[in-house]
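**Student:** with the sequence up front, the predicted model follows.
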2 protein chains.
Amino acid sequence: MTASDPERSRLDDAARAGWLYFIAGNTQDAIAKKLNVSRPTAQRLVSLALSERLITFRLDHPIAACMELEARLTERYGLHHCQIVPADPTADSSVVGIAEASASFLEQRLRGAEPIVVAIGTGRTLRAAVEQIPRLACPQHRLVSLVGHISMEGSASFFDVLARLSDLVQAPHYPMPLPVVMPSRDERDQMLRLAPVRRLRELAAAADVSLVGIGRMDEHAPLYVDGFISKPELAEMRRLGAVGEVTGWAFDAQGRILVGGTNERLTSVPRDVPATRLVVGVAMGTGKVLAIHGALRGRIINGLITNETTAKTLLDLG
Amino acid sequence: MTASDPERSRLDDAARAGWLYFIAGNTQDAIAKKLNVSRPTAQRLVSLALSERLITFRLDHPIAACMELEARLTERYGLHHCQIVPADPTADSSVVGIAEASASFLEQRLRGAEPIVVAIGTGRTLRAAVEQIPRLACPQHRLVSLVGHISMEGSASFFDVLARLSDLVQAPHYPMPLPVVMPSRDERDQMLRLAPVRRLRELAAAADVSLVGIGRMDEHAPLYVDGFISKPELAEMRRLGAVGEVTGWAFDAQGRILVGGTNERLTSVPRDVPATRLVVGVAMGTGKVLAIHGALRGRIINGLITNETTAKTLLDLG
DNA sequence: TCTAGTGAAGAGCAATTGCTCATTGCCGGG
DNA sequence: CCCGGCAATGAGCAATTGCTCTTCACTAGA
């Protein structure tokens, strides 16, 4: 009843205005009449109710938690794109959610009339994502591979993904006909001097959007499991501090791309760190959390598509 | 994953849109871009989130409960004005809250440039309300009494209220220089035939706003306590079913104005039932609940200013 | 396979809203 | 008592929003 009286009454009015506006659905004009103030004042009162947190919003939907996580991750790591897929209790823990999300992200980009260059990394998730893309005709875009697609044994599984995508969207594609890792640094450098490879790398460097998988670097590292690097090579990278890799480029927990080891003999397009164009990482799962975390911290990626549980764990890592 | 898939995904999008709009504060244009839909669709999604109750609002303020009660009372009794004052735990249970509210209501009406006729009933609450009104010059309005202000003993307390109000707002006032109840019906009718009284009643009947107290009709009835009616008269009215009175007019639990008893000898301006102009009742307290309830049910009043506890009890009565 | 019905999507407009700026009224200091 | 500074207020405008109408695509049935 002392000094707080006038401001108390103003907050009361703000609460009334907020109630009338959000809960009763009145227009600000109607509120102004009911509270006997001018329309601008009614607007100010509604604003006040919002800024004073008298009115709060609640979203009763599983998406709510995801949106919250997206906002926090975006804020913390300065992301340009972030999508968190709900931890669907009815579905198994397969990549189905983020594959669809990645597919729809890619589709969205490809539907644009403006010609763009889309760079594609590696990974099972990406493969699953491409399978979700519907047929659409967008020959104006170009698709380029960020990583060699010839394994030691000559398999070409990654090429299949790029080719498959190209087939679905009828866009020209630029595969990289190189092994991921060369036997020596010199041989790698020699390859990179070849004119077609140089042009490919220039194109890839100018990619408007890159979609990359994020690989772990423990004993389940896809690079090792799929036979691109040997067990001793993996061990060496881990000694150097590797926690994950993007298109073969191994990095440590801080997200610094390592010098030495297989990174010296890698043919993959160099990462632009911190990423200037949009580079979206697609990955999920407890085993990949440290890898994703590193990629985020080092700004190797500035976009992320993952699922709810992974996102929570990432935020818990701090 | 069957038929619910498309509509599920639409609700998901609605939830996303709602989150982006209300929680993140995006414009619908921004939402449209983020969800890759057209602006109208984004608007539809936000609407959907609202209509499907995905988004709910919460008001963190004591006023919230009052607004809710106001809405329910307005709905149930078709009120044209309703104000519920918070049950203030810091203040005593005096009339302070509703007196201020009534004063501000009256002040609001008087501040209008358009000349109006304001009719005033009786009651301690009204008296307290008038004391809260600041000085303001509005000689364009007219103030009229709905009830005689001469008690059996010749006291003129109610006249004081009207005079006080008139003094504060500098508006002409029309008191009713009659006893509230005449000894006989004939004498009452004789009084009512007097030209000045007739004119007064015409003015009162045309009042744009009436502010009336609501009296109980039990042993604490103000009519009896203040000496306007005798104990046997009170008892007779109670036999007839009286639960309350407005400007002396006693009514039963259904809000029907009683025929007979003191009502036959009353000089007060007749009530227009159901009320056509704005008639605001001002009352609170457990003891008055039945009286207020009756007045509401019978549409003797179409406006109410009371406090939170009283409002709750009224709604519990059904 | 064709056609009518149904529902959703996009153009366009009117209403609502948020905000800027000039003005008013109030309070503390000389 | 008068004056400068400050906060609140109302006018007016640009942006946003809600909605209507038309068009389009899809679906079910003949």
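**Tutor:** Yes, it's here.
**Student:** so what's A:Phe136 scoring on pLDDT?
**Tutor:** Just to correct that, residue A:136 is Leu rather than Phe. A:Leu136 is assigned 77 on the pLDDT scale.
**Student:** then the one 5 residues further on?
**Tutor:** A:His141 is assigned 90 on the pLDDT scale.
**Student:** and chain A, which residues reach DNA strand C?
**Tutor:** Applying Cβ under 7 Å from any atom of the strand, one finds that chain A approaches DNA strand C through A:Tyr21, A:Thr27, A:Gln28, A:Asp29, A:Arg39, A:Pro40, A:Gln43, A:Val46, A:Ser47. Just so you know, the C-beta spots here come from the backbone N, C-alpha and C atoms, and that holds for glycine as well.
**Student:** the fourth one - that's part of a strand, no?
**Tutor:** No - checked against DSSP: H, G, I helix; E, B strand; the rest coil, A:Asp29 lies outside a strand; its state is helix.
**Student:** what's around it, how many residues?
**Tutor:** 11 (other Cβ atoms under 10 Å in any protein chain shown).
**Student:** and it, how far from chain B?
**Tutor:** According to Cβ to the nearest Cβ, to the nearest Å, A:Asp29 and chain B sit 17 Å apart.
**Student:** neighbours of the nearest residue to that residue once chain neighbours are set aside, how many?
**Tutor:** Computed as Cβ to Cβ, 6 or more residues apart in numbering or on different chains, the closest residue to A:Asp29 that is not its neighbour in sequence is A:Arg39, at 5.6 Å. By other Cβ under 10 Å, 14 other residues sit near A:Arg39.
**Student:** phi, psi for A:Arg39 please.
**Tutor:** Backbone geometry at A:Arg39, expressed as degrees, to the nearest 10, gives phi -60, psi -50.
**Student:** contacts only, for the residue in chain A that DNA strand D sits nearest to.
**Tutor:** Nearest to DNA strand D in chain A, going by Cβ to the nearest atom of the strand, is A:Ser38, at a distance of 3.2 Å. The neighbourhood of A:Ser38, defined by Cβ atoms under 8 Å, 6 or more residues apart in numbering or on different chains, consists of A:Ala32.
**Student:** what about it, distance to A:Leu54?
**Tutor:** A:Ser38 sits 21 Å away from A:Leu54, going by Cβ to Cβ, to the nearest Å.
**Student:** for A:Tyr224, same thing?
**Tutor:** For A:Tyr224, the distance to A:Leu54 equals 57 Å [Cβ to Cβ].
**Student:** likewise A:Leu136?
**Tutor:** Relative to A:Leu54, and taking Cβ to Cβ, A:Leu136 is found at 48 Å.
**Student:** and the two? which has more neighbours close in?
**Tutor:** Each of A:Leu136 and A:Leu54 has its neighbours counted (other Cβ under 10 Å); A:Leu54 has more, 22 against 12.
**Student:** in contact with the more buried one, which residues?
**Tutor:** When contacts are counted by Cβ under 8 Å, 6+ apart, A:Leu54 touches A:Leu11, A:Ala14, A:Ala15, A:Gly18, A:Leu48, B:Leu59, B:Asp60, B:His61.
**Student:** so the second one sits right up against A:Glu52, yeah?
**Tutor:** Spelled out, that is A:Ala14. Yes - using Cβ atoms under 8 Å, A:Ala14 makes contact with A:Glu52 at a distance of 6.5 Å.
**Student:** so which of those two has more stuff around it?
**Tutor:** Using other Cβ under 10 Å as the criterion, A:Ala14 and A:Glu52 rank with A:Ala14 on top: 24 against 15.
**Student:** mind pulling up the pLDDT for that one?
**Tutor:** Per-residue pLDDT puts A:Ala14 at 88.
**Student:** repeat that for A:Asp167.
**Tutor:** Confidence for A:Asp167, expressed as pLDDT, is 85.
**Student:** what separation do you get for it and A:Ala129?
**Tutor:** Remark: distance between A:Asp167 and A:Ala129 (Cβ to Cβ) = 15 Å.
**Student:** okay, those two: which has more neighbours?
**Tutor:** A:Ala129 (28 against 13).
**Student:** and that one, helix, strand or coil?
**Tutor:** Strictly by three-state DSSP, A:Ala129 counts as helix.
**Student:** pretty sure it is touching A:Leu106, no?
**Tutor:** Yes - with contact defined as Cβ under 8 Å, A:Ala129 reaches A:Leu106; the gap is 6.7 Å.
**Student:** now do the shared contacts for these two.
**Tutor:** Shared contacts of A:Ala129 and A:Leu106 (Cβ under 8 Å, 6+ apart): A:Leu211.
**Student:** relative to DNA strand C, which residue of the stretch 201-318 of chain A is the closest?
**Tutor:** Closest residue of the stretch 201-318 of chain A to DNA strand C, Cβ to the nearest atom of the strand: A:Val209 (21.9 Å).
**Student:** quick check: the gap between the nearest residue to A:Ala283 once chain neighbours are set aside and chain B.
**Tutor:** Leaving aside its sequence neighbours, A:Ala283 sits nearest to A:Ile214 (Cβ to Cβ, 6+ apart; 3.9 Å). Distance, A:Ile214 to chain B, using Cβ to the nearest Cβ: 23 Å.
**Student:** same check on A:Glu107?
**Tutor:** 9 Å.
**Student:** the residue nearest to that residue when sequence neighbours are not counted: how many residues sit nearby?
**Tutor:** Spatially, and ignoring its direct neighbours in sequence, A:Glu107 is nearest to A:Ile133 (5.6 Å; Cβ to Cβ, 6+ apart). By the criterion of other Cβ under 10 Å, A:Ile133 has 19 neighbours.
**Student:** now do the one 4 residues further on
**Tutor:** When neighbours are counted by other Cβ under 10 Å, A:Ala137 registers 10.
**Student:** can you pull out the low-pLDDT segments for the stretch 1-150 of chain A?
**Tutor:** A:1-9, A:88-96 (pLDDT under 70).
**Student:** swap in the stretch 151-300 of chain A?
**Tutor:** Checking the stretch 151-300 of chain A against pLDDT under 70 turns up A:151-160.
**Student:** now the strands: where do they sit in it?
**Tutor:** Using DSSP state E, counting those that start in this stretch, the strands of the stretch 151-300 of chain A run over A:173-174, A:209-213, A:215-216, A:244-246, A:249-251, A:278-282.
**Student:** ranking these by burial, who's on top?
**Tutor:** Most buried of those by mean neighbour count (mean count of other Cβ atoms under 10 Å in any protein chain shown) is strand A:244-246; its value is a mean of 31.
**Student:** how far off centre is that strand?
**Tutor:** Remark: strand A:244-246 is offset 14 Å from the chain centroid, using Cα atoms, centre = their mean, to the nearest Å.
**Student:** other residues contacting it?
**Tutor:** Strand A:244-246 is contacted by residues A:121, A:212-217, A:221, A:223, A:250-251, A:271, A:281, A:288, A:290-292, A:294-295, A:300-301 when judged by Cβ under 8 Å, 6+ apart.
**Student:** quick one: residues contacting the spatially closest residue to A:Val280 that is not a sequence neighbour.
**Tutor:** Nearest non-adjacent residue to A:Val280, counting by Cβ to Cβ, 6+ apart: A:Gly303, 3.3 Å away. By Cβ under 8 Å, 6+ apart, the contact set of A:Gly303 is A:Leu79, A:His80, A:His81, A:Cys82, A:Leu278, A:Val279, A:Val280, A:Gly281.
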